[in-house]
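>>> here is a sequence together with a model predicted from it:
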Amino acid sequence: MSTRSTSEQSDPVIESRDDLLAPMIGGEKPKASWRIGTEHEKFVYHRETHQAPSYAEDGGIRDLLLALEKYGWKPVEEIGPDGTKNVIAMSGKDGTVSLEPAGQLELSGAPLDNLHETCAEAGRHLNQVKAVGAVTKTGFLGLGMWPDKARADLPVMPKGRYKIMMDHMPRVGDLGLDMMLRTCTIQVNLDYASEADMAQKFRTGLALQPLATALFANSPFTEGKPNGYLSYRSHIWSDTDPHRTGMLPFVFEDGFGYDRYVDYMLDVPMYFVFREGRYIDAAGLSFRDFLDGKLSVLPGEKPTASDWVDHLSTAFPEVRLKSFLEMRGADGGPWNRICALPALWVGLLYDQGALDAAWDLVKDWTIEERQMLRDAVPKEGLKAAIPGGGTLRDLAKDALAIAAQGLTARKRLNQSGDNETGFLDPLHEVVASGKTHAERMLDRYHGAWNGDVSHVYESESF
């Protein structure tokens, strides 16, 4: 989730609809300037007890963040709900290392030119946190959901927006607190050249999010037992908050563009306003009222450009638009999956021939068919039926072939002369076997693990 530490200086007040469109229009870039921004989360645990460390304990999350200073990272502070200053992130040349609500550790990577750089960045980060973890006696788990923790087992980080969100979540869904406390994801942020390019990428990416969910399915356990899903993390999003999640049918309508997305975001209820280093609770209030100076928690005050950017970060659809597009359908997972997710989407969306071919795979599906697939995938994975016949595994073969063609066309080579297609190898293996990572873990749970899910700490840690 987004990190802010201070109020923006010279932050203009929003005066017109053009100001609401500005972040999207400002995100347009020529193809030569398109970049790849990869984000990945992992669970942190005490090696001896497998418990999740709290923020302030010795060797806890704060100490873990501050220990990264030796690698050149700089602390980012925020005034917490109790009025004290807390380190809530570390900033550096590789982006930002931040904490999620229950102490999940996230790298929001820098915008990079190619997947070779992306994978090197992930490797640097994981080597650094593993080295720090050797001192703090903490480990890092690559899964989509805590396999053995109840909500009550988990700490809550002292970040203002998290308290507001946690207070609000039970009002709008049954599983929102699970989303915040018990899940991890991998996502990739991608650029677009124009409104038309954004719309085609948004539609294609949204239609194919169930494919990413299936390929990266990695959350089959809840509180030590199989939960009946391959991606329970994906299921959680279906009962988090209907006002700010989902497949966004309007994206597939004729004329979709920046204006329509602005209308959608104006209808998404607010969470907060950030002022003087603090978060003000505005949960459930209307940004439209804010535009009119009628926000009850800030009477007479109108929003700034930063308030709008903050608000854009509080919707959680399967694809999200800010000044770039976020692909959000994948569970957290092992090291090679961190490189595989951006490889999938860059291959499908960053070459026009590949983008056209990928859209051709899904363009004839109805809204109802898209939703049925999205609903089926958390349980069925690659076995889910697709519109027109066949299974998602059949579609995956075609999509991976298109992605490989798109990566080949990019001609981004490493020092050995290899292009980027090798980063798709873990996904080719999933499709060839027909088994997701979740199904492989379930096989071990019912076999060699003898029903003891604690073996994930040995097999799934970085």
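Nice, thanks for sending it over.
>>> for the longest strand anywhere in the chain, packing partners?
As assigned by DSSP state E, the longest strand anywhere in the chain is strand 36-46. Applying 3 or more CB pairs under 8 Å, 6 or more residues apart in numbering; DSSP states H and E, one finds that strand 36-46 makes contact with strand 105-109, helix 115-136, strand 138-141, strand 185-190, helix 335-349. In this view, the C-beta of every residue, glycine as well, is placed from N, C-alpha and C.
>>> and it, average pLDDT?
In this model, strand 36-46 has an average pLDDT of 98.
>>> coming back round to it: reformat the helices and strands packed on strand 36-46 as JSON lines; add mean pLDDT and mean neighbour count.
Formatted as JSON lines, those follow (pLDDT from 0 to 100; neighbours: other CB atoms under 10 Å):
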{"stretch": "strand 105-109", "mean pLDDT": "98", "mean neighbour count": "23"}
{"stretch": "helix 115-136", "mean pLDDT": "97", "mean neighbour count": "19"}
{"stretch": "strand 138-141", "mean pLDDT": "98", "mean neighbour count": "22"}
{"stretch": "strand 185-190", "mean pLDDT": "98", "mean neighbour count": "25"}
{"stretch": "helix 335-349", "mean pLDDT": "97", "mean neighbour count": "26"}
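>>> distance of residue 319 relative to residue 209?
7 Å (CB to CB, to the nearest Å).
>>> re earlier: now the helices and strands packed on strand 36-46 as JSON lines including distance to residue 68?
Putting the helices and strands packed on strand 36-46 into JSON lines (distance: least, CB to CB, whole Å) gives the following:
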{"stretch": "strand 105-109", "distance to residue 68": "10"}
{"stretch": "helix 115-136", "distance to residue 68": "6"}
{"stretch": "strand 138-141", "distance to residue 68": "13"}
{"stretch": "strand 185-190", "distance to residue 68": "20"}
{"stretch": "helix 335-349", "distance to residue 68": "18"}
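>>> nearest to residue 85, out of the ones you listed?
With CB to CB as the measure, strand 105-109 is the member of those nearest residue 85 (20.1 Å).
>>> ok, residues contacting the closest one?
The contact list for strand 105-109 (CB atoms under 8 Å, 6 or more residues apart in numbering) reads 3, 37-42, 44, 61, 64, 94-100, 118, 121-122, 125, 129, 140.
>>> isn't residue 449 up against residue 460?
No. The criterion here is CB atoms under 8 Å, and residue 449 misses it with residue 460 at 11.6 Å.
>>> between those two, which is the more surrounded one?
Using other CB atoms under 10 Å, the more surrounded residue of residue 449 and residue 460 is residue 460, with 20 against 17.
>>> please save the CA atoms from the helix or strand following the longest strand of the chain in CSV.
Using DSSP states H and E, the next helix or strand after strand 36-46 towards the C-terminus is helix 61-67. Only the C-alpha atoms of helix 61-67 are listed here, as CSV (Å, rounded to 0.1, in the frame of the first residue of the first chain):
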residue,chain,number,x,y,z
ILE,A,61,9.7,-5.0,12.3
ARG,A,62,11.1,-1.5,13.2
ASP,A,63,14.6,-3.1,13.9
LEU,A,64,14.4,-5.0,10.7
LEU,A,65,13.7,-1.8,8.7
LEU,A,66,16.4,0.2,10.4
ALA,A,67,18.9,-2.5,9.9
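>>> give the rounded mean pLDDT of helix 61-67.
Helix 61-67 shows a mean pLDDT of 97.
>>> next one: that helix to chain centre, how far?
Here helix 61-67 is found 22 Å from its chain centre; the criterion is CA atoms, centre = their mean, to the nearest Å.
>>> try stretch 297-309
Its chain's C-alpha centre and that of stretch 297-309 lie 26 Å apart, by CA atoms, centre = their mean.
>>> so for that stretch, what gets flagged as buried?
298, 303-309 (16 or more other CB atoms under 10 Å).
>>> how many residues are close by the residue lying closest to residue 320 once chain neighbours are set aside?
Closest residue to residue 320 apart from its sequence neighbours, by CB to CB, 6 or more residues apart in numbering: residue 326 at 4.3 Å. Residue 326: 19 surrounding residues under other CB under 10 Å.
>>> so what's residue 326 up against?
Counting by CB under 8 Å, 6+ apart, residue 326 has contacts 187-190, 319-320.
>>> the same query, at a cut-off of 10 Å, please.
When contacts are counted by CB atoms under 10 Å, 6 or more residues apart in numbering, residue 326 touches 37, 39, 187-190, 205, 313, 316-320.
>>> secondary structure element holding residue 90?
Element membership of residue 90 [criterion: DSSP H and E] is strand 85-92.
>>> give the buried residues for that strand.
Residues of strand 85-92 classed as buried: 86-92 (neighbour count, 16+ other CB under 10 Å).
>>> please apply the same query to stretch 453-462.
453, 455-457, 460-462.
>>> could those residues go into TSV alongside secondary structure and pLDDT?
Putting these into TSV (DSSP: H, G, I helix; E, B strand; the rest coil; pLDDT from 0 to 100) gives the following:
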residue	secondary structure	pLDDT
453	helix	98
455	helix	98
456	helix	98
457	helix	98
460	coil	98
461	strand	98
462	coil	97
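>>> tell me the one among those residues nearest to residue 51.
Closest approach between the buried residues of stretch 453-462 and residue 51, by CB to CB: residue 457, at 11.3 Å.
>>> do you know how far the closest one is from residue 422?
To residue 422, residue 457 is 29 Å away according to CB to CB.
>>> likewise residue 346?
Residue 346 is 13 Å from residue 422, where distance means CB to CB.
>>> same check on residue 39?
22 Å.
>>> these two: which has the busier surroundings?
Neighbour comparison, residue 39 and residue 422: the larger count goes to residue 39, with 22 against 18 (by other CB under 10 Å).
>>> tell me what that one is bridged to.
With DSSP bridges applied, residue 39 shows beta-bridge pairing to residue 108, residue 187.
>>> now for it: which residues touch it?
Residue 39 is in contact with 1, 95-96, 98, 106-109, 185-189, 326, 328, 338, 341-342, counting by CB under 10 Å, 6+ apart.
>>> go on, residue 188?
Neighbouring residues of residue 188 by CB under 10 Å, 6+ apart: 36-40, 109, 115, 118, 205, 212, 324-328, 330, 338, 341-346, 349.
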